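Undergrad: kindly return the folded structure for what I paste below:
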Amino acid sequence: WYSYTGTGEASAAVLVSNLLSTRKRDITLTRSNILSWQQLVDDEVVFLGPPKFNPQLQVAALAQDIVMEPDGIRNLKPQPGEAPFLQDRMVPGVQSEGETYALISCLPGLSGVGHVLVIAGNASADTFAAGQWLTEPLRATELANRLRNRSGELPRYYEVVLKVAFKQGIPVNSSYVLHHVINGPARAAGK
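TA: Numbers count the residues shown, from 1 in each chain. Model prediction:
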């Protein structure tokens, strides 16, 4: 049980909700520990922060190639040239400083429709940086260009790994590392 929200998660929540509110008016912000399974099945859901703060992510059967672990990111299906594990590195003896990895996962909803978006990092600042990659025009453009397939289309479901350096809890540098396209459930014609 956690009774606080990290500044990185709160900052990412503001960035993402500002972006989403331009397309959808009835956005609700809630603690993940009171989010019901029915809501998770019926609604579009955005999780912010590592799995340890989002209990449903620990037990949900989400189709993932890449997962967040307490000390880094595990690539369950490494492609040629990809590392199977990306280790977070905190500066010893210095609080809120290091180089870690963030994960953006846009996955099929549990009912096979909709989306579950997970924006996560282990150090709060990396969650904030991932939110920036989704919402700031230059970074979002770079991300979209990297995700596009040969025909120029964006995948519906994907996972992206970012490397984030931060000082005093503020992301000072972030860069794209890799992405995987996730095959979702078959879509009905016309959807």
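Undergrad: give the other helices and strands that the longest helix seen in the chain contacts.
TA: Ordering each helix of the chain by length in residues (DSSP state H) puts helix 7-20 first. Where contact means 3 or more CB pairs under 8 Å, 6 or more residues apart in numbering; DSSP states H and E, helix 7-20 is packed against strand 45-48, strand 115-121, helix 125-135. Every residue, glycine included, has its C-beta placed from N, CA and C.
Undergrad: who's in contact with residue 182?
TA: 63-65, 105-108, 155, 157-159 (CB atoms under 8 Å, 6 or more residues apart in numbering).
Undergrad: again, but for residue 161
TA: Taking CB under 8 Å, 6+ apart, one finds 66, 73, 75, 86, 101-103, 176-179 in contact with residue 161.
Undergrad: most tightly surrounded among the helices and strands packed on helix 7-20?
TA: helix 125-135 (a mean of 26; mean count of other CB atoms under 10 Å).
Undergrad: just the CA atoms of it, as CSV, please.
TA: Taking C-alpha atoms only, helix 125-135 is exported to CSV below (Å, rounded to 0.1, in the frame of the first residue of the first chain):
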residue,chain,number,x,y,z
ALA,A,125,11.9,10.7,-13.3
ASP,A,126,11.9,8.0,-16.0
THR,A,127,8.1,7.8,-15.9
PHE,A,128,8.0,11.6,-16.4
ALA,A,129,10.5,11.3,-19.4
ALA,A,130,8.3,8.6,-21.0
GLY,A,131,5.3,10.9,-20.6
GLN,A,132,7.3,13.6,-22.4
TRP,A,133,8.0,11.2,-25.3
LEU,A,134,4.3,10.7,-25.8
THR,A,135,3.2,14.3,-25.5
